[in-house]
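Student: Provide a 3D model corresponding to the input given below.
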Amino acid sequence: MNLLILGGTVFLGRHTVEAALARGHEVTLFNRGQHGPELFPDVEKLRGNRDGDLSALEGRRWDAVIDPSGYVPRLVTDSARLLAGAVEHYTFVSSLSAYASFAKPNQNEDAPLATMDDPTIEEITGDTYGPLKVLSEQAAQAAMPGRVAVIRPGLIVGPHDPTDRFTYWPVRVAKGGDLLAPAPADYPVEFTDVRDLAEWMVRVAEQRIPGVFNASGPGTPATLGGLLETCQEISHSNASFVWAGEEFLRENEVQPWSQLPLWIGNGPEYDGFSRYDCSRAIGAGLTFRPVAETVAATLGWAQSRPADHTWRAGLSAEREAELLVKLTGDG
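Tutor: Just a heads-up that it's a prediction; the model follows:
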């Protein structure tokens, strides 16, 4: 297969290139060349900008395109329309944030979608991210009806994750000692190893599978406590988990998701968070490796980064120690 990837050097795109090459495909990248230009030296690279300079794509043909870098519907419209006569299949990476609500567990792909009052807004914020993804899905589908796979992942994790939202936990557990964790231990969590998602998307493109797919793992229901125990086993850590209730965390202005990743809260408005129906994607071939493999690979990669790496998620050591003193009364 001759495959075009829009992006291809940051996290999911990078792993998608690796998966495609491993399956023997010919890959072309289209991007600005601003991230990882040294990656994939033997892969064809077309330079341009989705916002106004798609000329490098003109007059070319590919079997399929995978788009992990579309966030604004106007730009997705431009690329999808240009490629409509140049590819047989378009895989668009959306998000579970496309849904209107997190309140209902086990939502499938037919659940109500997020909207916004002004569809011309292009600024990406916490409020607009989901609706913009919805509009981008629709833009791709309008340009190539019946030829688009819309992939809606939740939290994507693994090596080269720039967000640190999952990476924080394996690294923090490996350090050992008292560790602040959001109660309860059976809090449900969902995440997908980037390598599983990337390899499956390549197979979706190979088979020209259309449709909309929730794509979140792992293969069996997971909890935060179970994840932390797996991190402990992988790193042979002596970490001791100190579980903090939501009232304590809110009173001390601990930010869900960013400062304590994977936790967003315990209210009824979050009953469906990390509880999505992904049976359609599984039926189309999506598989999930054991969580232990994801933890081990993430930890190994994270430990190879510079010691002065600036973390983008999680509690600082100083802030965690302060909270532990408040919670336990020690110190």
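
Student: so Asn2 sits right up against Thr28, yeah?
Tutor: Yes - Asn2 lies in contact with Thr28 (CB atoms under 8 Å); the separation is 7.4 Å. Placement of C-beta: from N, CA and C, glycine included.

Student: shared neighbours of these two, anything?
Tutor: Trp62 (CB atoms under 8 Å, 6 or more residues apart in numbering).

Student: Tell me which of those two has more neighbours.
Tutor: For Asn2 and Thr28, the more surrounded residue by other CB atoms under 10 Å is Thr28, and the numbers stand at 19 against 14.

Student: and the residue nearest to the more buried one when sequence neighbours are not counted, how many residues sit next to it?
Tutor: Nearest non-adjacent residue to Thr28, counting by CB to CB, 6 or more residues apart in numbering: Glu44, 4.5 Å away. Per other CB under 10 Å, the neighbour tally for Glu44 reads 13.

Student: and the gap between Glu44 and Met201?
Tutor: 19 Å (CB to CB, to the nearest Å).

Student: Could you identify the helix or strand that succeeds the helix or strand containing Lys133?
Tutor: Assigned by DSSP states H and E, Lys133 belongs to helix 129-143. Under the assignment DSSP H and E, the closest C-terminal helix or strand after helix 129-143 is strand 148-153.

Student: List the contacts of that next one.
Tutor: Residues contacting strand 148-153 (CB under 8 Å, 6+ apart): 89-96, 98, 109, 137, 140-141, 192, 197, 201, 204-205, 209-216, 281.

Student: Return the list of strands paired to that strand, each annotated with direction.
Tutor: strand 89-93 (parallel), strand 211-215 (parallel) (DSSP bridges).

Student: Tell me how far it lies from the chain's centre.
Tutor: Centre-to-centre, strand 148-153 and its host chain are 12 Å apart (CA atoms, centre = their mean, to the nearest Å).

Student: For His25, give me its contacts.
Tutor: Applying CB under 8 Å, 6+ apart, the residues near His25 are 1-3, 202, 206.

Student: Swap in 10 Å and give it another go.
Tutor: His25 makes contact with 1-3, 17, 19, 63-64, 202, 205-206, according to CB atoms under 10 Å, 6 or more residues apart in numbering.

Student: Helices - which of those land there?
Tutor: Among these, the residues falling in helices (DSSP state H) are 17, 19, 202, 205-206.

Student: Report the buried residues of stretch 164-177.
Tutor: 164-174 (16 or more other CB atoms under 10 Å).

Student: For it, measure first residue to last.
Tutor: This stretch, stretch 164-177, spans 20 Å end to end (CA to CA, to the nearest Å).

Student: Show me the shaky parts of this structure.
Tutor: The chain contains residues with pLDDT under 70 at 330-331.
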